[in-house]
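Colleague: What follows is a predicted structure for the sequence shown.
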Amino acid sequence: MWKIAVGFALFAGLALFILSKGGDIDMSGEKHGIEETHAPAAAPAAAPAPAAPSPAQADAPK
């Protein structure tokens, strides 16, 4: 039983060490509305200009 406790303590210490070396890690959960957490999305591309009607469509009755 004491081996389980020692193993858990070692694993927890290793996990904390790795997390502390990881840089900017936010473990506080989801953020809503206060700050932007991701880079803003690129602006959508402009819609392509409508194609000219083909000669068959131009001659079709309306």
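Modeller: Looks like it came in fine.

Colleague: and G23, how many neighbours does it have?
Modeller: 6 (other C-beta atoms under 10 Å). (C-beta placed from N, C-alpha, C; glycine too.)

Colleague: before we move on, what about A5?
Modeller: A5, neighbours per other C-beta under 10 Å, totals 9.

Colleague: again, but for G33
Modeller: The burial count for G33: 5, using other C-beta under 10 Å.

Colleague: name the helices or strands packed onto the one helix or strand G13 maps to?
Modeller: Under the criterion of DSSP states H and E, G13 resides in helix 2-21. Here helix 2-21 touches no other helix or strand, going by 3 or more C-beta pairs under 8 Å, 6 or more residues apart in numbering; DSSP states H and E.

Colleague: contact partners of that helix?
Modeller: 25, 27 (C-beta atoms under 8 Å, 6 or more residues apart in numbering).

Colleague: Swap in 7 Å and give it another go.
Modeller: I25 (C-beta atoms under 7 Å, 6 or more residues apart in numbering).

Colleague: what mean pLDDT does that helix have?
Modeller: The predicted model assigns helix 2-21 a mean pLDDT of 93.

Colleague: how about it: buried residues?
Modeller: Residues of helix 2-21 classed as buried: none (neighbour count, 16 or more other C-beta atoms under 10 Å).

Colleague: and that helix, C-alpha only, in PDB?
Modeller: C-alpha atoms of helix 2-21 as PDB (Å, rounded to 0.1, in the frame of the first residue of the first chain):
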ATOM      1  CA  TRP A   2       2.800   2.400   0.800                       C
ATOM      2  CA  LYS A   3       4.200   1.800  -2.700                       C
ATOM      3  CA  ILE A   4       1.000   3.200  -4.300                       C
ATOM      4  CA  ALA A   5       1.300   6.400  -2.200                       C
ATOM      5  CA  VAL A   6       5.000   6.800  -3.000                       C
ATOM      6  CA  GLY A   7       4.200   6.200  -6.700                       C
ATOM      7  CA  PHE A   8       1.400   8.700  -6.700                       C
ATOM      8  CA  ALA A   9       3.600  11.400  -5.000                       C
ATOM      9  CA  LEU A  10       6.400  10.800  -7.500                       C
ATOM     10  CA  PHE A  11       4.000  11.000 -10.500                       C
ATOM     11  CA  ALA A  12       2.300  14.100  -9.100                       C
ATOM     12  CA  GLY A  13       5.700  15.800  -8.600                       C
ATOM     13  CA  LEU A  14       6.700  14.900 -12.100                       C
ATOM     14  CA  ALA A  15       3.500  16.200 -13.500                       C
ATOM     15  CA  LEU A  16       3.800  19.500 -11.700                       C
ATOM     16  CA  PHE A  17       7.400  19.900 -12.800                       C
ATOM     17  CA  ILE A  18       6.500  19.300 -16.500                       C
ATOM     18  CA  LEU A  19       3.600  21.700 -16.200                       C
ATOM     19  CA  SER A  20       5.800  24.400 -14.700                       C
ATOM     20  CA  LYS A  21       8.300  24.100 -17.500                       C
END
